[in-house]
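S.K.: Fold the following.
(one chain, ligands or ions: 1)
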Amino acid sequence: MKRVNIRDIQAMKVKGERIAMITAYDHPSARLMDQAGADVLLVGDSLGMVVLGYESTLPVTMEDMIHHTRAVARATPRAMVVADLPWMSYHVSVEESVRNAGRLIKEGGADAVKLEGGTDRIPTVEAILRAEIPVMGHVGLTPQSVLAFGGYRVQGKGVEAAGRIAADASALEEAGCFSIVVEGVPAAVGRALTERLTIPTIGIGAGPDCDGQVLVYHDFLGYGSDSPPKFVRRYAEAGQEMREGAVRFIKDIKEGKFPGPEESY
Ligand code: KIV
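M.R.: Below you'll find the model as predicted:
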């Protein structure tokens, strides 16, 4: 089976077909999301918060990303696999950024990398692209900027702030990004960026008019995510079902009901 590639993703915008991107961090989650029909699996650095238990994405390392990207890539016959460059893996020098992007492809098995930021990141984006590695941009409420923003706050409120995000997105498009995640901006900004850019926008908390949508699967499937943000819609209560199953299993053990004759040799 052929994996979805950057040309397929760009053609979807032209055809008006919405792009479905879902996070994945390990083999079983990648298999499920690929089987469900996701176009893109994002090994996001949200890994740090939803899988590794950190308060933010900042502690996530290149080794963490490679380890989890490998597991996802091995499980994914169809969806395109995009891996996040973690914080400080592309901030020190352009050379180090290209090397780290290459590791996500060569060692992780990803098809593309994603990085956060706008005009400041253009030399880095251009250098990674010169190494023939597709790059997805990420503008708006970029979680790696949590310290600089002073918290997780909706970005692009007001004409000036919206204009800065538009300039960032246009610069990323001109540099050669094949698509852009737009996070945590008013719906009107999501719509304006989608109309302005020829590359697909993939929104998260950016309203209904982006070319695609992405959510962290823990949020929309109710798995270890007790108070999801406003932009999340719940499609399942997986965590509750797992807890209830575990409660029944433990009860059966305590009462000597497991294993029974059918589970015994
Ligand atoms: O890390 C992540 O999961 C992301 C998405 C939320 C866009 O960057």
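S.K.: Could you report the pLDDT at the residue of the chain at minimum distance from the ligand?
M.R.: Per CB to the nearest ligand atom, Gly44 is where the chain lies closest to the ligand, at 2.1 Å. Where you see a C-beta, it was placed from the backbone N, CA and C, and this is true even at glycine. Gly44 is assigned a predicted lDDT (pLDDT) of 98.
S.K.: so what's the closest residue to it other than its chain neighbours up against?
M.R.: Nearest residue to Gly44, sequence neighbours excluded (CB to CB, 6 or more residues apart in numbering): Thr23, at 4.7 Å. Applying CB atoms under 8 Å, 6 or more residues apart in numbering, we find Thr23 in contact with Ser29, Leu41, Leu42, Val43, Gly44, Ser46, Val50, Val214, Leu215, Val216, Tyr217, His218.
S.K.: Show me where the stretch 101-250 of the chain dips below the pLDDT cut-off.
M.R.: Within the stretch 101-250 of the chain, no stretch has pLDDT under 70.
S.K.: Can you show me the strands along it?
M.R.: 112-114, 135-140, 179-183, 201-204, 212-215 (DSSP state E, counting those that start in this stretch).
S.K.: any chance of the ones you listed in JSON lines, plus mean neighbour count and distance to the ligand?
M.R.: Formatted as JSON lines, the strands of the stretch 101-250 of the chain follow (neighbours: other CB atoms under 10 Å; distance: least, CB to the nearest ligand atom, whole Å):
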{"stretch": "strand 112-114", "mean neighbour count": "26", "distance to the ligand": "7"}
{"stretch": "strand 135-140", "mean neighbour count": "28", "distance to the ligand": "6"}
{"stretch": "strand 179-183", "mean neighbour count": "28", "distance to the ligand": "5"}
{"stretch": "strand 201-204", "mean neighbour count": "28", "distance to the ligand": "5"}
{"stretch": "strand 212-215", "mean neighbour count": "22", "distance to the ligand": "5"}
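S.K.: pLDDT score for the residue nearest to Gly44?
M.R.: You'll see Thr23 listed with a pLDDT of 98.
S.K.: if I read this right, the residue of the chain closest to the ligand contacts Leu85, doesn't it?
M.R.: No: Gly44 lies out of contact with Leu85 (CB atoms under 8 Å); the separation is 10.9 Å.
S.K.: Looking only at neighbour counts, state which of those two leads.
M.R.: A side-by-side neighbour count of Gly44 and Leu85, using other CB atoms under 10 Å, places Gly44 first with 31 against 26.
S.K.: State the helix or strand in which the closest residue to Glu107 other than its chain neighbours lies.
M.R.: In space, and not counting its chain neighbours, Glu107 is closest to Ile66: 5.0 Å by CB to CB, 6+ apart. Using DSSP states H and E, Ile66 sits in helix 62-74.
S.K.: Tabulate the CA atom coordinates of the helix or strand just after that helix in CSV.
M.R.: Scanning forward in sequence from helix 62-74 by DSSP H and E, the next helix or strand is strand 80-84. Extracted C-alpha coordinates of strand 80-84, given in CSV (Å, rounded to 0.1, in the frame of the first residue of the first chain):
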residue,chain,number,x,y,z
MET,A,80,1.6,10.1,5.9
VAL,A,81,3.8,10.3,9.0
VAL,A,82,4.9,13.8,10.1
ALA,A,83,7.2,14.1,13.2
ASP,A,84,7.6,17.2,15.3
